[in-house]
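S.K.: Here is a sequence together with a model predicted from it:
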Amino acid sequence: MTPRIFQLMQENLTPSLAWTTIVFPGMYISTLVEHYAIRERIGAGFKVRHDLEDFGKHSLEVSSFMADTTFLSDSVLRQRGNTSKEDGGPSNTQRFNSYAISLEGSNFYSLTNNIVEGLSYRIGHAVQAAAEKSPRDEIRYSVSVGYKHIFTRDLTARLMTEHMAINNLNGETSHDRSYNNLALRFNYKNWFAGAAYTLIDNEADEEEENHDGHVFETSAGYNFPFGLSVEVGYKRSDEENEEKELLGSLLKYSYSF
């Protein structure tokens with residue numbers, strides 16, 4: 001059995017609760033996941049990894065944080081200015097009284113069940129403390145499950161689902177929201193294609209904020225052997241009583257040195 005690995009984290013961090021934009025496939029779902037990611041925080045935490053052999057590899061991550069109100073909170077491009085305590089918002093307390101906890105696992109093994117080997121999971125909980133203009137603690141719970149299936153050496157598929165429940169969204173007393181994501185992606189040699197759907201469930205006293213949202217996207221692309229990736233995609237969304245359609249392309253290039 002592999003010994004536990006203990007890792008410390010500090011300074012500017014992104015508290016891990018659900019799966020990140022890197023994990024979820026698709027051109028546009030990554031921007032949607034950004035809507036509920038916890039960003040621009042200062043804090044400290046630790047991660048413990050443990051290998052349970054046939055029962056998978058697991059990691060527990062715990063962090064305590066607050067909103068970043070240092071000079072690093074400014075944006076060079078947008079010049080929005082530094083964030084201050086008076087700006088309010090969840091966890092903007094200048095104290096480490098907000099926290100996030102998550103547990104994830106993968107790499108299971110079974111001689112009789114191939115499905116088990118492709119499973120992965122992540123569960124999380126976070127509390128962002130009440131602050132000015134945010135009278136209530138924002139409380140989050142998330143459950144994520146993924147499955148990877150290998151059809152052949154060249155063809156694989158990955159199915160991912162995630163539920164993120166947010167009570168007292170942005171510290172508001174009467175607004176709860178949940179994000180429900182479902183994504184599927186196929187990879188064949190250097191080709192890839194997939195689709196994703198998100199249901200945004202709102203429960204709010206104000207009628208304008210009580211509208212449920214729906215987002216569908218599909219995309220396909222090709223990874224060239226020299227580091228270039230080309231992808232085209234389509235997105236249709238109904239958010240905040242506004243319907244939109246979007247067609248776009250994405251070029252990415254990576255170079256190892």
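M.R.: Yep, that arrived. Being a predicted model, the structure only gives us computed values, none of them experimental.

S.K.: For residue 209, grab phi and psi.
M.R.: Recorded main-chain torsions at residue 209 are phi -90, psi -10, according to degrees, to the nearest 10.

S.K.: can you pull the contacts of it?
M.R.: Contacts for residue 209 (C-beta atoms under 8 Å, 6 or more residues apart in numbering) come out as 175, 202. To be clear about C-beta, it is placed using only N, CA and C from the backbone, and glycine gets the same treatment.

S.K.: And the strands in this structure?
M.R.: If DSSP state E is used as the criterion, the strands of the chain fall at 5-9, 12-13, 41-51, 57-67, 98-106, 119-128, 138-150, 155-167, 175-188, 191-204, 213-223, 228-239, 242-253.

S.K.: What's the local residue count around the residue nearest to residue 168 when sequence neighbours are not counted?
M.R.: Beyond its immediate neighbours in the sequence, the residue positioned closest to residue 168 (C-beta to C-beta, 6 or more residues apart in numbering) is residue 136, lying 4.1 Å away. Other residues within reach of residue 136 by the criterion other C-beta atoms under 10 Å amount to 18.

S.K.: Am I right that residue 136 is in contact with residue 173?
M.R.: Yes. Taking contact to mean C-beta atoms under 8 Å, the distance of 5.3 Å between residue 136 and residue 173 places them in contact.

S.K.: quick one on the thing from earlier: what's the distance between the residue nearest to residue 168 and residue 225?
M.R.: Distance of residue 136 to residue 225, given as C-beta to C-beta, to the nearest Å: 52 Å.

S.K.: same thing with residue 243?
M.R.: Shown here: residue 243 relative to residue 225, a distance of 40 Å by C-beta to C-beta.

S.K.: Looking at those two, which one has more neighbours?
M.R.: Relative neighbour count places residue 243 above the other of residue 243 and residue 225, with 9 against 6, counting by other C-beta under 10 Å.

S.K.: Bridged to the more buried one, which residues?
M.R.: Listed by DSSP bridges, the beta-bridge partners for residue 243 are residue 238.

S.K.: So it is in contact with residue 216, correct?
M.R.: No. Between residue 243 and residue 216 there is no contact, the gap being 11.5 Å when judged by C-beta under 8 Å.

S.K.: what residues do the two have in common as contacts?
M.R.: When contacts are counted by C-beta under 8 Å, 6+ apart, the set common to residue 243 and residue 216 consists of 236, 237.

S.K.: and the end-to-end length of stretch 220-227?
M.R.: Distance across stretch 220-227, first residue to last, is 17 Å (C-alpha to C-alpha, to the nearest Å).

S.K.: can you list contacts of that stretch?
M.R.: Stretch 220-227 has contacts (C-beta under 8 Å, 6+ apart) with 190-194, 229-233, 250, 253-256.

S.K.: And the residues you listed, which of them are buried?
M.R.: A residue is treated as buried here by neighbour count (16 or more other C-beta atoms under 10 Å); on that basis the buried members of the contacts of stretch 220-227 are 192, 193, 194, 231, 233.

S.K.: What distance do you get for the fourth one to residue 144?
M.R.: Right, the one you point to is residue 231. In this structure, residue 231 and residue 144 are separated by 23 Å, where distance is defined by C-beta to C-beta.

S.K.: show me the residues around residue 203 that make contact.
M.R.: Taking C-beta under 8 Å, 6+ apart as the criterion, residue 203 is in contact with 175, 176, 177, 210.

S.K.: ignore the last one, residue 19
M.R.: Listed by C-beta under 8 Å, 6+ apart, the contact set of residue 19 reads 33, 122, 144, 146, 160, 162.

S.K.: Can you tell me which of these is nearest residue 46?
M.R.: residue 122 (17.1 Å; C-beta to C-beta).

S.K.: pretty sure that closest one is touching residue 142, no?
M.R.: Yes. The criterion here is C-beta under 8 Å, and residue 122 meets it with residue 142 at 7.3 Å.

S.K.: That concludes my questions; thank you for your assistance.
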